[in-house]
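In: sequence unknown, structure follows:
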């Protein structure tokens, strides 16, 4: 019977036809979805840039402004991490409980901006540090929920793409914040704080239209359900250990490396900043491609392989001649990019959607604890060994501790991760 004739049956919708239509719909949705993910990356840059804007003028901003010791000056970079370690799991649990992430992100960014403004006011030092603590809480609150939203945008098969873009934005913000802060603070030490406040206000405005609304059907488990779910999914501790170890070693690069570069290699501040940028820029630019790759290959291989290379290079850093520092730091940044996004993705693999914000909050808490302990450990080891064996041996021992910690993390976690792969809980 002729198609379209009276009584003719409609053409059959074959499986191939249905798949073609579905593919067409996905392709039509692909451009707007990718545009939204790109905005997530821009939002991550805006959130992370204020973190490193004050770093180049830390002595002038804190030590000279308040006439305090170097120890208290250093505490400025640690106390917000203490706030972050406390606030990160609370942010995730609250978001999972009420099922609303966008308003929480916007509110946290506004509070963060107000803290940056308040730190530019003439206040007593204890008040200044109290504001810094609150700023750390607000910052990690927004960042944890941004990662949770990013994890849900790409779906199970495209999560590496969305989190790769967000992770690259985070690292790019960190990489460009310090040199920009140095330029801004050259004439006015408070200008980096004011600029940070403006960036955070812009981030709040961007979040108001870039972040998706939660699905109406999204479950809202109670607090008891959340913690019971965490107990049922204890395998998530594996990527949390990597988060701790990774940030622990990064803590050495933010403090010990600066002293090592200037003390042993005679580098001036611009040179030190350039070496750190050489480390951070490959880290930022390669986070996205390795995030995409993690959707296609084993996350366990990327995480353990990248961590092992990163650990070996870090452990040997104290023995390098000056001409090796710049290219070596670039290679260290590349190896850090290999493991960064896969560790976040593995956290989402090992947790159900209803506690994903909580899990990523725990991921940030583990990282914050590592970042708190890293600088303290680096300083303690280098000072202790220096007293009996000289400055060079002190720095070599410090970076040796950092690198060995990363390698031990791989050796301890690898058998457990291979069992998780065998159970198909991750790749």
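Out: That came in fine, so what should we check first? Not measured: the values here are computed from a predicted model.
In: show me the shaky parts of the stretch 51-200 of the chain.
Out: In the predicted model of the stretch 51-200 of the chain, residues 70-71, 92, 96, 98-99, 154-160 satisfy pLDDT under 70.
In: quick check: closest non-adjacent residue to residue 332.
Out: Using CB to CB, 6 or more residues apart in numbering and skipping residues adjacent in sequence, the residue nearest residue 332 is residue 313, 4.9 Å away. Every residue, glycine included, has its C-beta placed from N, CA and C.
In: next up, phi/psi of that neighbour, please.
Out: Here is the backbone geometry of residue 313 (degrees, to the nearest 10): phi -60, psi -40.
In: ok, it to residue 293 distance?
Out: 20 Å (CB to CB, to the nearest Å).
In: which of those two has more neighbours?
Out: residue 313 (21 against 18; other CB atoms under 10 Å).
In: does the more buried one touch residue 335 like I think?
Out: Yes: using CB atoms under 8 Å, residue 313 is in contact with residue 335, at 6.5 Å.
In: list the contacts of residue 420.
Out: 235, 238, 300, 350, 426 (CB atoms under 8 Å, 6 or more residues apart in numbering).
In: and what of residue 281?
Out: Contacts of residue 281 (CB under 8 Å, 6+ apart): 172, 175, 333.
In: and if we set it to 10 Å?
Out: Residue 281 sits next to 171, 172, 175, 176, 329, 330, 333 when contact means CB atoms under 10 Å, 6 or more residues apart in numbering.
In: burial measure for the first one, as a count.
Out: What that stands for is residue 171. Neighbours of residue 171 under the rule other CB under 10 Å: 27.
In: now do the SS call for it.
Out: helix (DSSP: H, G, I helix; E, B strand; the rest coil).
In: can you list the contacts of residue 420 in TSV and add pLDDT?
Out: Compiled in TSV, those are given as follows (pLDDT from 0 to 100):
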residue	pLDDT
235	77
238	81
300	89
350	81
426	80
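In: who wins on neighbours among those residues?
Out: residue 238 (25 neighbours).
In: tell me which element that residue falls in.
Out: For residue 238, the host element (DSSP states H and E) is helix 237-254.
In: list the buried residues for whichever helix or strand comes after that helix?
Out: Proceeding N to C from helix 237-254, the next assigned helix or strand is helix 256-265, under DSSP H and E. Neighbour-count burial for helix 256-265, counted by 16 or more other CB atoms under 10 Å, picks out 256, 257, 258, 259, 260, 261.
In: again, but for stretch 196-203
Out: By 16+ other CB under 10 Å, the buried positions in stretch 196-203 come out as 196, 197, 199, 200, 201, 203.
In: out of those residues, flag the one nearest to residue 378.
Out: Within the buried residues of stretch 196-203, the smallest distance to residue 378 is 26.0 Å, found for residue 196 (CB to CB).
In: packing partners of the helix or strand containing that closest one?
Out: Applying DSSP H and E as the criterion places residue 196 in helix 191-210. Contacts defined by 3 or more CB pairs under 10 Å, 6 or more residues apart in numbering; DSSP states H and E place helix 191-210 against helix 15-52, helix 102-119, helix 125-153, helix 155-184.
In: burial count for residue 327?
Out: Neighbour tally, residue 327, other CB under 10 Å: 11.
In: let me know the secondary structure of it.
Out: Per three-state DSSP, residue 327 ends up helix.
In: that one touches residue 278, doesn't it?
Out: Yes: Residue 327 lies in contact with residue 278 (CB atoms under 10 Å); the separation is 8.1 Å.
In: how is this structure divided into domains?
Out: 34-211, 229-427 (automatic domain parsing).
In: so for the first one, first residue to last residue, what's the gap.
Out: In domain 34-211, first residue to last residue: 13 Å (CA to CA, to the nearest Å).
In: show me what contacts the closest residue to residue 329 other than its chain neighbours?
Out: The shortest distance from residue 329 to any non-neighbouring residue, by CB to CB, 6+ apart, is to residue 279 (4.2 Å). Contact partners of residue 279, counting by CB under 10 Å, 6+ apart, are 175, 250, 253, 257, 325-326, 328-334, 336.
In: one step back: tell me the confidence at the residue nearest to residue 332?
Out: We have a pLDDT of 95 for residue 313.
In: now do the contacts for it.
Out: By CB under 10 Å, 6+ apart, the neighbours of residue 313 are 320, 328, 329, 331, 332, 333, 334, 335, 336, 399, 403, 406.
In: wait, the second one sits on residue 282?
Out: Yep, that's residue 328 we're talking about. No: between residue 328 and residue 282 there is no contact under CB under 10 Å: 11.6 Å.
In: okay, these two: which has more neighbours?
Out: Shown here are residue 328 and residue 282; by other CB under 10 Å, residue 282 has more neighbours (21 against 18).
In: how close does the more buried one get to residue 258?
Out: From residue 282 to residue 258 the distance is 19 Å (CB to CB).
In: where exactly do the helices run in the stretch 251-400 of the chain?
Out: Using DSSP state H, counting those that start in this stretch, the helices of the stretch 251-400 of the chain run over 256-265, 269-293, 299-316, 322-349, 356-389, 391-422.
In: among those, which comes closest to residue 119?
Out: Checking these against residue 119 by CB to CB gives helix 356-389 as the closest, at 19.5 Å.
In: give the buried residues for that closest one.
Out: When burial is assessed from 16+ other CB under 10 Å, helix 356-389 yields the following buried residues: 356-375, 377-379, 381-382, 385-386.
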